[in-house]
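Asker: below is the sequence, then the predicted model.
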Amino acid sequence: MARRGWRANLHKHKMNRPVDALYGGFVNALPSELRGLASDLPFRLGLAPTSGILWSEVFSHEVTLEAPALVAEAFPRVSPEVVRGSILGHALAVIEAFVTDRLLDGQIQSSPEILALSEYLRRHRDIVLEQVWPGAARIAQRSDSETRQAISEERALLSELGAATFEEYQRISLGKQSVGFPASFALCRAAGATESQVEEVRRALSGVWLGLQFEDDAADWEDDWKRGEGAWAVSLARRRLEAVKQQRTDERPTEPDLIRRRVFNMRVLYLMLRRARHQYRSAWRYSRALGAGRLSSWSLNRAERLTTLLPFEERHPGYVVRARKLAAWAAEVLS
């Protein structure tokens, strides 16, 4: 889903997390004509620069594809089979969302093979989640619709350079992350969680997904803009400018320097990062109350990192963009 959420960051070394073995089992069960495509899917989707990259090498932390494993720490009596099923169901949901997003964006070419694989991803996800907790497949299917609706709304707004409030941004962003909840909810139900515990999981994961979305959208807005995808920073800046002028404007500048100055002058990157920190802190509070130690620590570390970064962005607008590019350069050159 890249800009749609859960941005990929390729690792230099193999990690071989549980998701790799689970996805490998899914691939082996596919018809022979789809196995090659499925095995090399990170490369085919443009998430990896070369063939043979594992999913655990694509993402910079385990929350993305293994969120139920972190949630499971709060339910120590849940069976290993339920945890594995939840992880696989979650991973397949996220991977299928990437496929759908790439197809809708035209970043990959539609073909009978990719459409068939997308269908297998959804179907197997439903089967696995239904085994974890009866009724979970229906929730997952509903989440598919919610995610697609949010992506369509986002695409329409950004393609028209429409003005957006932060409230609209958060609502659409959360809608895009709908596929990231059902597997963890299924695990909770299978573990006999109370309603309050399920709500804590929902709020913790909401903070994780929104924090990641806001942070990535701030750091990568120029790249998104250059690719012609539109950028939330531009739409948020336009809405703030309208508020300053106290009138609606149809001005839609496309000249890069003017757009950059507007984004910087309206301080939207700083505000996006501040909201990301708020979401991480929310994730930390709820995961701590839940007893999910690793998720709590991860969320707190993300929040503290932004606490360090925010003063630099406040004093030097665009700092977060430069910091992201410098970090990528350092990882490549100094590793």
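Answerer: Noted; the coordinates are in hand. Numbering: from 1, shown residues only.

Asker: neighbours of Leu326, how many?
Answerer: For Leu326, the count of nearby residues is 10 (other C-beta atoms under 10 Å). Yep, even glycine has a C-beta here, placed from its N, CA and C like the rest.

Asker: let me see the contact set for it.
Answerer: Listed by C-beta atoms under 8 Å, 6 or more residues apart in numbering, Leu326 has no contact partners.

Asker: helix, strand or coil for it?
Answerer: helix (DSSP: H, G, I helix; E, B strand; the rest coil).

Asker: and it, how far from His61?
Answerer: 20 Å (C-beta to C-beta, to the nearest Å).

Asker: and the pLDDT for Leu174?
Answerer: In this prediction, Leu174 carries a pLDDT score of 98.

Asker: report the contact partners of it.
Answerer: With C-beta under 8 Å, 6+ apart, Leu174 has these contacts: 150, 206, 209-210.

Asker: most widely separated two among those residues?
Answerer: Comparing every pair within those by C-beta to C-beta identifies Ala150 and Ser206 as the most remote, at 13.7 Å.

Asker: show me the shaky parts of the stretch 201-335 of the chain.
Answerer: Residue ranges of the stretch 201-335 of the chain with pLDDT under 70: 246-256, 327-335.

Asker: show me how far the one helix or strand Ala67 maps to is from its chain's centre.
Answerer: Ala67 belongs to helix 63-71 when elements are defined using DSSP states H and E. On the basis of C-alpha atoms, centre = their mean, to the nearest Å, helix 63-71 sits 12 Å off its chain's mean C-alpha point.

Asker: helix or strand next in line after that helix, which one?
Answerer: Helix 63-71 is succeeded, C-terminally, by helix 80-105 (DSSP H and E).

Asker: and the angle for the helix or strand following that following helix with helix 80-105?
Answerer: Using DSSP H and E, the helix or strand that follows helix 80-105 towards the C-terminus is helix 112-132. Following axes from the mean of the first three to the mean of the last three C-alpha atoms, to 10 degrees, one obtains 150 degrees for the angle between helix 112-132 and helix 80-105.

Asker: other residues contacting helix 112-132?
Answerer: Outside helix 112-132, the residues that touch it by C-beta under 8 Å, 6+ apart are 26, 29-30, 33-34, 37-38, 41, 44, 82, 85-86, 88-89, 92-93, 95-96, 99-100, 103, 108, 136-137, 140-141, 144, 182-183, 186-187, 190.

Asker: buried subset of the residues you listed?
Answerer: Neighbour counting by 16 or more other C-beta atoms under 10 Å classes 26, 30, 37-38, 41, 44, 82, 85-86, 88-89, 92-93, 95-96, 99-100, 103, 108, 136-137, 140, 144, 182-183, 186-187, 190 among those as buried.

Asker: quick one, helices of the stretch 201-335 of the chain?
Answerer: 221-226, 232-245, 256-265, 268-290, 293-315, 319-334 (DSSP state H, counting those that start in this stretch).

Asker: show residues contacting the second one.
Answerer: Right, helix 232-245. Residues contacting helix 232-245 (C-beta under 8 Å, 6+ apart): 157-158, 161-166, 169, 217-218, 221, 225, 248-249, 252, 259, 262-263, 265-266, 268-269, 271-272.

Asker: same deal with the third one?
Answerer: If you take C-beta under 8 Å, 6+ apart as the criterion, helix 256-265 is touched by 221-222, 225, 233-234, 237-238, 241, 253, 269, 317-318.

Asker: what about the residue nearest to Leu92 when sequence neighbours are not counted, neighbour count?
Answerer: Nearest non-adjacent residue to Leu92, counting by C-beta to C-beta, 6 or more residues apart in numbering: Arg125, 4.0 Å away. Each residue near Arg125 was counted by other C-beta under 10 Å, and the total is 28.
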